[in-house]
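Undergrad: fold the following.
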Amino acid sequence: MAVTLYRQVGKGKARRYQKVNLGLGRRPTNLAGPYFLRYSLADGTRPWEAVGEDLDSAIDAQKRKQAYFEALDANVPVIQNQDEAGRTKITDAVYQWFAELQLFQGKDQQEKSEKTQRACNYRLGFFLDFTAQQNLRFLDQIDRNQIDRNQLLRYVKFLRVHDSDFDDRTVHNIFETLNTFLRTRDILIAGKILAELDYADKPPKPYTKQELKDMFAADEEKLLYGLFLNSGVRDAEMQNTEFVDFNLETCTLHVQPKAWRKFRLKGKSKKKSAKDRFIPIPAKLVWKIKDRTVLRNAQPHDLVFPNSEGKPDGHFLRKLKAIAKKAGVEGAELHRFRKTYADTLHEEGVSVNTIRIRLGHESLDVTLAYLKGKDAESEEAQEHANSSSLALYA
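TA: Down below sits the predicted model:
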């Protein structure tokens with residue numbers, strides 16, 4: 001059984017694992033760690049075993065592990081390191097959890113969407129960085145009464161001083177994912193620390209007339225963000241929108257779960273998806289969708305806005321921020337389109353219950369809270385209220 005040596009390159013979103021070539025005449029030099037061993041076990045899993053920051057020590061660990069497997073294959077009795085016997089490695093536990101998340105992807109009762117998996121992978125990566133830095137290899141090193149709390153508090157500090165300059169909300173979200181993971185291992189102390197991580201909520205605000213005008217001056221993403229603006233749909237809902245979801249006669253968009261894409265609608269209950277809904281769309285946008293269908297020779301169940309591989313595009317926010325930066329608009333967020341849509345309907349006299357249905361809220365109280373705090377006397381609100389139809393910016 002082959003044991004391969006890898007090294008981690010980059011951190012956060014830029015993290016990847018590069019194979020260290022140890023072939024004849026290929027003695028690597030000047031390679032920074034941390035280093036990991038990768039091999040296959042009898043149950044089909046392929047764990048990542050952290051072997052430290054030093055290259056020579058990592059190579060020695062790789063040789064020892066290789067010799068260990070060769071001895072097992074030859075039925076030679078081997079003595080396992082008693083210090084490691086029965087202990088679960090942090091890297092093994094993390095990657096096993098990732099594998100479990102994939103098993104439940106798209107299941108209504110589990111709510112493990114592909115987006116959720118990407119977020120978990122990204123967030124727990126910081127924990128792996130931290131444990132490698134602190135030379136923590138086993139779960140029991142963070143599961144010993146007061147010691148585990150101190151370790152996790154050091155992790156919070158690690159996040160707060162991270163080069164990525166995380167705000168309090170992001171630190172909370174990253175730590176929340178760690179808490180979810182640790183709870184699957186019956187380590188409960190992280191929940192108490194999570195409750196202490198406060199952050200100030202930033203209520204969404206609508207875009208102003210001038211901000212919309214500046215951003216929609218460019219044609220490249222006009223249709224995509226025009227639909228966000230005129231439908232109030234969520235990011236994941238737009239990612240999974242197909243051409244068949246648009247009705248050219250009634251000028252509506254059907255927002256619905258898609259089992260064949262492992263996509264469910266966001267709902268309060270994890271036991272079932274939220275109800276599907278029909279949202280009126282300006283005819284101008286619907287006809288643009290028809291033109292796009294012809295231009296792309298699209299099939300009914302093709303995605304309207306796929307990535308280069310024809311799959312859901314998870315980078316709508318990144319693209320929006322690039323457009324906003326070019327237009328000089330600060331604080332651009334996809335959720336602000338949803339807020340703008342809701343406020344505009346409210347200003348036009350649409351009932352709160354109708355707004356609730358179109359936004360996909362399960363409770364009227366959620367919609368009321370969403371609309372609450374909109375100061376009609378503020379300069380910004382007046383500028384928004386005096387804007388023309390949202391379809392103008394599409």
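
Undergrad: residues making contact with stretch 292-308?
TA: Identification of contacts with stretch 292-308 by C-beta atoms under 8 Å, 6 or more residues apart in numbering yields 223-224, 238-246, 260, 289, 310-316. Where C-beta positions appear, they are placed from N, C-alpha and C, glycine not excepted.

Undergrad: okay, now the unreliable bits of the stretch 51-200 of the chain?
TA: Where the stretch 51-200 of the chain drops to pLDDT under 70, the residues are 74-86, 103-114, 143-148.

Undergrad: where along it do the helices fall?
TA: Taking DSSP state H, counting those that start in this stretch to define them, one finds helices in the stretch 51-200 of the chain at 55-73, 90-103, 114-133, 146-160, 168-183, 189-196.

Undergrad: the ones you listed: which one's closest to residue 277?
TA: helix 114-133 (20.0 Å; C-beta to C-beta).

Undergrad: sorry, back to before: quick check: which of the helices of the stretch 51-200 of the chain is nearest to residue 35?
TA: helix 55-73 (3.6 Å).

Undergrad: what helices and strands are in contact with the closest one?
TA: Secondary-structure packing of helix 55-73 (3 or more C-beta pairs under 8 Å, 6 or more residues apart in numbering; DSSP states H and E): strand 4-9, strand 35-38.

Undergrad: just how off-centre is that helix within its chain?
TA: Computed by C-alpha atoms, centre = their mean, to the nearest Å, the chain-centroid distance of helix 55-73 equals 36 Å.

Undergrad: can you list the buried residues in that helix?
TA: 55, 58, 59, 61, 62, 65, 66, 68, 69 (16 or more other C-beta atoms under 10 Å).

Undergrad: same thing with stretch 278-296?
TA: 279, 281, 282, 285, 286, 288, 289, 293.

Undergrad: and the strands in the stretch 251-394 of the chain?
TA: Applying DSSP state E, counting those that start in this stretch to the stretch 251-394 of the chain gives strands spanning 252-255, 277-280.

Undergrad: rebuild these as a markdown table, extending it with mean pLDDT and distance to residue 101.
TA: Putting the strands of the stretch 251-394 of the chain into a markdown table (pLDDT from 0 to 100; distance: least, C-beta to C-beta, whole Å) gives the following:
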| stretch | mean pLDDT | distance to residue 101 |
| --- | --- | --- |
| strand 252-255 | 96 | 25 |
| strand 277-280 | 95 | 28 |
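
Undergrad: picking up where we left off before, any idea which of the helices and strands packed on helix 55-73 is most buried?
TA: strand 35-38 (a mean of 21; mean count of other C-beta atoms under 10 Å).

Undergrad: any quick ChimeraX command for the buried ones out of the contacts of stretch 292-308?
TA: Burial among the contacts of stretch 292-308 is assessed by 16+ other C-beta under 10 Å; the matching ChimeraX selection reads:
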select :223,224,238,239,240,241,242,243,245,246,289,312,313,316
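
Undergrad: which ones are touching the closest residue to residue 90 other than its chain neighbours?
TA: Nearest residue to residue 90, sequence neighbours excluded (C-beta to C-beta, 6 or more residues apart in numbering): residue 131, at 5.2 Å. Residues near residue 131 by C-beta under 8 Å, 6+ apart: 50, 90, 137.

Undergrad: which single one of these is nearest to residue 176?
TA: residue 90 (18.2 Å).

Undergrad: the closest one contacts residue 138, correct?
TA: Yes: between residue 90 and residue 138 there is a contact at 6.5 Å, judged by C-beta atoms under 8 Å.

Undergrad: more neighbours, these two?
TA: Per other C-beta atoms under 10 Å, whichever of residue 90 and residue 138 has more neighbours is residue 90, with 23 against 19.

Undergrad: would you mind measuring from the more buried one to residue 128?
TA: 7 Å (C-beta to C-beta, to the nearest Å).

Undergrad: quick revisit: would JSON lines of the helices and strands packed on helix 55-73 with distance to residue 151 be doable?
TA: Putting the helices and strands packed on helix 55-73 into JSON lines (distance: least, C-beta to C-beta, whole Å) gives the following:
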{"stretch": "strand 4-9", "distance to residue 151": "20"}
{"stretch": "strand 35-38", "distance to residue 151": "21"}
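
Undergrad: tell me which of those lies nearest to residue 255.
TA: Per C-beta to C-beta, nearest to residue 255 of the helices and strands packed on helix 55-73: strand 4-9, 40.0 Å.

Undergrad: for that closest one, packing partners?
TA: By 3+ C-beta pairs under 8 Å, 6+ apart, strand 4-9 packs against strand 16-19, strand 35-38, helix 55-73.

Undergrad: report the contact partners of the residue lying closest to residue 335 once chain neighbours are set aside.
TA: Distances taken as C-beta to C-beta, 6+ apart put residue 204 closest to residue 335, at 5.0 Å, once the chain neighbours are dropped. When contacts are counted by C-beta under 8 Å, 6+ apart, residue 204 touches 333, 335, 336, 338, 339.

Undergrad: restrict those residues to the buried ones and give me that as a ChimeraX selection.
TA: Typed into ChimeraX, the line below selects the buried ones among those, using 16+ other C-beta under 10 Å:
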select :333,336,338,339
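
Undergrad: pLDDT value on residue 260, please?
TA: On the pLDDT scale, residue 260 is placed at 89.
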